[in-house]
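**Q** Got a predicted structure plus its sequence, pasted below:
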Amino acid sequence: MSQVHRLPSPNINPENKAFWDAAEDNRFILKFCNSCKEPHYYPRTICPHCGSNDTTWVESKGLGEIYSYTVMRRGVEVPFAMAYVRLNEGISVLTHLTNCDFDAIRIGQKVKVVFEETQDGAKTHLFEPI
């Protein structure tokens, strides 16, 4: 099983505060643009697809599959895996993988969101194999 290295604490600001508040409740939310009808991540007020500021928060089930990944073993105290996860909503999230054998990770592997504490105790999202 993998160990999670010391995750950095999030930089919380007014634009992303709702995202981090949801994480404290073990909820994964995304921004959705009401103009172009596209979800986006990392959460921000302005849609990166069309530039509209008509965006709202939507709940994600946090399900997806590994699109790409890397395992860091050299030069770190605790090995860790990072991945791009393509969510069922169609967008990609850069994240850490946890609760898995790093040698068994595969592209296309189904994953789900889980929440872990960061260095200061705030929660953040990671993904684990289903």
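**A** That came through fine.
**Q** In the top strand by length along the chain, which of the residues would be classed as buried?
**A** The residue-count maximum for a strand in the chain (DSSP state E) belongs to strand 63-72. With burial defined by 16 or more other C-beta atoms under 10 Å, the residues of strand 63-72 counted as buried are 63-66, 69. Yep, even glycine has a C-beta here, placed from its N, CA and C like the rest.
**Q** Can you tell me which of those is closest to Cys50?
**A** When the buried residues of strand 63-72 are ranked by distance to Cys50 (C-beta to C-beta), Gly64 comes first, at 23.4 Å.
**Q** and the residue nearest to that closest one when sequence neighbours are not counted, what does it touch?
**A** Counting by C-beta to C-beta, 6 or more residues apart in numbering, Gly64 lies nearest to Leu87, which is 4.1 Å off, once chain neighbours are set aside. When the contact criterion is C-beta atoms under 8 Å, 6 or more residues apart in numbering, the partners of Leu87 are 30, 41, 60, 62-64, 93.
**Q** can you list these in CSV and add pLDDT and distance to Gln109?
**A** Output for the contacts of Leu87, formatted as CSV (pLDDT from 0 to 100; distance: C-beta to C-beta, whole Å):
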residue, pLDDT, distance to Gln109
Leu30, 96, 21
Tyr41, 93, 20
Ser60, 96, 18
Gly62, 97, 15
Leu63, 98, 12
Gly64, 98, 10
Val93, 96, 15
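**Q** could you redo those residues as TSV and give each row distance to Thr124?
**A** Listed next are the contacts of Leu87 as TSV, based on distance: C-beta to C-beta, whole Å:
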residue	distance to Thr124
Leu30	15
Tyr41	13
Ser60	15
Gly62	13
Leu63	18
Gly64	17
Val93	12
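**Q** and those, which are buried?
**A** Buried residues within those, defined by neighbour count using 16+ other C-beta under 10 Å: 30, 41, 60, 62-64, 93.
**Q** residue ranges with poor pLDDT in this structure?
**A** Along the chain, the parts satisfying pLDDT under 70 run over 1-5.
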